[in-house]
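Participant: Got a sequence here, can you model it:
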Amino acid sequence: MNSIEGSPSPLTCRLSVAALAVSISTPAFAHHGMGGETPTTILQGLLSGLAHPVIGADHLLFLIVSGVLVWMLDSASRYRAAATLVTGQLLGTSIHLSAISLPIVEAVIALSVVVGGGLLLARRRPSARQLAMLLVGAGTFHGYAFAEAIVGAETTPLAAYLAGLALIQALVLMGVFAALEAVELRSGAPLVARGQRLAGGIAVVGGILFLALALS
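Facilitator: Residues are numbered from 1 along each chain as shown. Prediction:
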């Protein structure tokens, strides 16, 4: 695990402010990537899939926290764990499209953000197996929520939507990996560890807010 004991850089501060702004925005936008309309073309399906995980604050924050947790694994396990997250979210989407109901979806999504942030705050690094189980479980509920935007779509826009969904999540995770690698190379492990704890605190606060909204 990368430990950190330094002062945050201006870049870290700016990223933290941006993450906090994301965390307090409403998660409701995550279900309206096409303005509430079901995609009817390949392009609409693709754009909706690309947008869905990043316009919902709860989904995006979970994805970023997951990226940090996955990056803490050894390099051999990192991409396998990332694949389990994407697989879990596609599984959840498939469950919704199969008309199978999952309970308290929004509450579980919020809890996944809190748990992920708590692991970062506590500087706990789960094993690759434990993290994979956590990611596929939480990812299933996130994916179930994603499917709300595509219910009733025809096969072609649906396939494009799923492709966009998988692609954007992979790109965000890769972006998190690249950013952390760059910070570590430039500023060393202490700054990375401080950033991990800061991200964890933001996720816990944001997740609690999301949970309060889900239960209200």
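Participant: Could you say which helix or strand holds residue 91?
Facilitator: Per DSSP states H and E, residue 91 falls inside helix 75-97.
Participant: who does that helix touch, helix- and strand-wise?
Facilitator: Helix 75-97 sits against helix 57-71, helix 128-146, helix 155-187, with contacts defined as 3 or more CB pairs under 8 Å, 6 or more residues apart in numbering; DSSP states H and E. Heads up, the C-betas are built off the backbone N, CA and C, glycines and all.
Participant: any idea of the angle it forms with helix 128-146?
Facilitator: Between helix 75-97 and helix 128-146, the angle comes out at 30 degrees (axes from the mean of the first three to the mean of the last three CA atoms, to 10 degrees).
Participant: C-terminal to helix 75-97, what's the next element?
Facilitator: Note on helix 75-97: by DSSP H and E, the next helix or strand toward the C-terminus is helix 105-121.
Participant: elements contacting that following helix?
Facilitator: Here helix 105-121 touches helix 57-71, helix 128-146, helix 189-215, going by 3+ CB pairs under 8 Å, 6+ apart.
Participant: Show residues contacting it.
Facilitator: For helix 105-121, the external contacting residues (CB atoms under 8 Å, 6 or more residues apart in numbering) are 27, 58-59, 61-62, 65-66, 68-69, 102, 125-126, 134, 138, 141-142, 144-145, 196-197, 199-208, 210-211, 213-215.
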